[in-house]
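Asks: got a predicted structure plus its sequence, pasted below:
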Amino acid sequence: MDLANPTRFIALADRLVPWLAALSAIALAVGLWLAFNAPQDYQQGITVRIMYIHVPFAWLAMMCYSIMSLSALGTLVWRHPLADVSLKAAAPIGAAFTLLALITGSIWGKPMWGTWWVWDARLTSVFVLFMMYLGVIALTRALDDPGRSARAAAIVTLVGFINIPIIKFSVDWWNTLHQPASVIRLDGPTIHPSMLWPLLICAVGFSLLFFTLHLMAMRTEIWRRRVAAMRRIAARSADRQEA
């Protein structure tokens, strides 16, 4: 596989990043413009407009962890040389999107529920997801051996993936304050098209932003590992000369 070669992957990333960044900027500009001009909700009023960033943040929090889980399989099963790079590069980005989802959700929840936070199933499971991200990040930095670090991070990530379906179906399984799914439903979206299209365009824009940041972070991680490898070689060479 050509993309298994880090040098070829860096060359591909160099070509893709500017295009993805430009497409992300265009999609976000269009989506946010439509969001600010979308009609107000008959119950929530103008406060519903935070939905256009909160919902994409929440989707990306779960999508990013799903990509990390696929990368974990790539490390443990297929031994892909860039799988661990993908996992470690995605973790801080996913943590940032999850934190933004929690913050914007609290801002939205205050006027709707009368409180910044409740320990219901959806909010608690998303908070657990955020802690899982932090745990994976801490684990990858705690172990010096690259092989052990990759395997440990992959195992923890796969164990934590059980939380993703819990987040998705928590509003169906338990009685929560959080509203049920209104976009991804078997019977179709329940949101009016005038509000649905801005939401979907914003989601596309933020998704493109994620892939832009992920490619950039993977590229940086590859260069970091190369520099670390060169330093180890230089240190061993210096030790042999001293001996």
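Replies: Perfect, thanks for sending it.
Asks: tell me which element Ile26 is part of?
Replies: helix 6-37 (DSSP states H and E).
Asks: next, the angle from the longest helix seen in the chain to helix 6-37.
Replies: Longest helix of the chain, by residue count under DSSP state H: helix 193-242. Computed by axes from the mean of the first three to the mean of the last three CA atoms, to 10 degrees, the angle separating helix 193-242 from helix 6-37 equals 150 degrees.
Asks: helix 193-242 - contacts with which helices or strands?
Replies: helix 6-37, helix 51-73, helix 83-113 (3 or more CB pairs under 8 Å, 6 or more residues apart in numbering; DSSP states H and E). C-beta here means a position set from N, CA and C on the backbone, and glycine is covered the same way.
Asks: quick one: closest of those helices to Thr157.
Replies: Closest approach to Thr157 among those is made by helix 51-73 (4.3 Å; CB to CB).
Asks: packing partners for the closest one?
Replies: Contact here means 3+ CB pairs under 8 Å, 6+ apart; on that basis helix 51-73 packs against helix 6-37, helix 83-113, helix 121-142, helix 146-160, helix 163-173, helix 193-242.
Asks: coming back round to it: just checking, what packs against the helix holding Ile26?
Replies: Packed next to helix 6-37, using 3+ CB pairs under 8 Å, 6+ apart, are helix 51-73, helix 193-242.
Asks: any buried residues in the first one, and which?
Replies: In terms of neighbour count (16 or more other CB atoms under 10 Å), helix 51-73 has its buried residues at 51-65, 67-72.
Asks: for stretch 22-33, same thing?
Replies: Neighbour-count burial for stretch 22-33 flags Leu23, Ser24, Ala27, Leu28, Val30, Gly31, Leu32 (criterion: 16+ other CB under 10 Å).
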